[in-house]
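In: sequence? don't have it. structure:
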């Protein structure tokens, strides 16, 4: 699918940015997501290999929602380092279009300044704190991105993320959830729990070869 095929479905400002980034053709998972209702506000569980284009799927949903005045976007990541990486990446691309904030610090603060921002990048623990402190802007959220959602199975971070998604689904009836994962054992079950359409694709930018290493040699199969 060419980027030009979705030009009428996304804000012109967003399209211009993607053009400048030399994005001409959508990757398979991105095309499948568009066909599954990504740009119509549908919730999706996207399971594709690393570096296959999942972040752009989240960007399309988030920026469309923000630029069309539908509401804020929250980007939930498991680690502070990943939050910093996404913050820098999104600021580089979209700072001239929207207000972007990162909230990963004091777990005992509601961070009221976030009311003035459109895209908020945060960790599960910090977002849990924002909900418990009843941040007044929570009802303005339209899009929630849950990156590395397979960590629901992690005994440390999993329960917090599960509670967050459960609360958000109850609190925000029309929220669009974009859950991203490279690998997950039971995608159909998770998609059902999220009330999301499952998007699966195995395309990757570099072909993955499997083999066995023994006595200084690798035998591929």
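Out: That came through, no problem. Please read these numbers as outputs of a predicted model, since none were measured by experiment.

In: Strands of this structure, residue ranges please.
Out: All strands of the chain, identified by DSSP state E, fall at 44-47, 72-77, 100-103, 119-123, 141-146, 176-181, 197-200, 211-214, 217-220.

In: could you say what helices and strands the fifth one packs with?
Out: Put plainly, it is strand 141-146. helix 54-67, strand 72-77, helix 158-171, strand 176-181 (3 or more CB pairs under 8 Å, 6 or more residues apart in numbering; DSSP states H and E). Any C-beta I mention is one placed from the backbone N, CA and C, and that applies to glycine too.

In: Could you quantify the relative orientation of that strand and strand 119-123 as an angle?
Out: For strand 141-146 against strand 119-123, the angle between stretch directions is 40 degrees (axes from the mean of the first three to the mean of the last three CA atoms, to 10 degrees).

In: quick one: contacts of strand 141-146?
Out: Residues outside strand 141-146 that contact it (CB atoms under 8 Å, 6 or more residues apart in numbering): 58, 61-62, 65-66, 70-76, 161, 165, 168, 172, 174-180.

In: for the first one, same thing?
Out: Counting by CB under 8 Å, 6+ apart, the neighbours of strand 44-47 from elsewhere in the structure are 29, 33, 36-38, 54, 57, 149, 177-184, 187, 190-191, 194, 196-201.

In: 7 Å instead, please
Out: 29, 33, 36, 38, 54, 57, 178-181, 184, 187, 190-191, 194, 196-200 (CB atoms under 7 Å, 6 or more residues apart in numbering).

In: on that earlier part again, show the buried residues in the contacts of strand 141-146.
Out: For these, a burial check counting by 16 or more other CB atoms under 10 Å picks out 58, 61-62, 65-66, 71-76, 161, 165, 168, 172, 175-180.

In: List the strands paired with the helix or strand of the chain with the lowest mean pLDDT, with their directions.
Out: Least confident helix or strand, the chain: strand 217-220 with a mean of 84, by mean pLDDT, DSSP states H and E. Here strand 217-220 has these sheet partners by DSSP bridges: strand 211-214 (antiparallel).

In: What average pLDDT does the partner strand get?
Out: Regarding strand 211-214, the rounded mean pLDDT is 86.

In: likewise stretch 27-37?
Out: The pLDDT scores in stretch 27-37 average 96.

In: what comes up buried for it?
Out: Buried residues in stretch 27-37, defined by neighbour count with 16+ other CB under 10 Å: 27-34, 36.

In: and what of stretch 14-28?
Out: By neighbour count with 16+ other CB under 10 Å, stretch 14-28 contains the buried residues 14-15, 17-18, 26-28.

In: Any regions of the chain where pLDDT drops low?
Out: The chain contains residues with pLDDT under 70 at 106-110, 205.

In: Just want the most central residue of it.
Out: For the chain, the residue nearest the mean C-alpha position is residue 145 (3.5 Å; CA atoms, centre = their mean).

In: For that one, give the beta-bridge partners.
Out: Under DSSP bridges, the beta-bridge partners of residue 145 are residue 75, residue 178.

In: one step back: can you list the buried residues of stretch 27-37 in TSV and add distance to residue 121?
Out: Output for these, formatted as TSV (distance: CB to CB, whole Å):
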residue	distance to residue 121
27	23
28	26
29	21
30	21
31	26
32	25
33	20
34	23
36	24
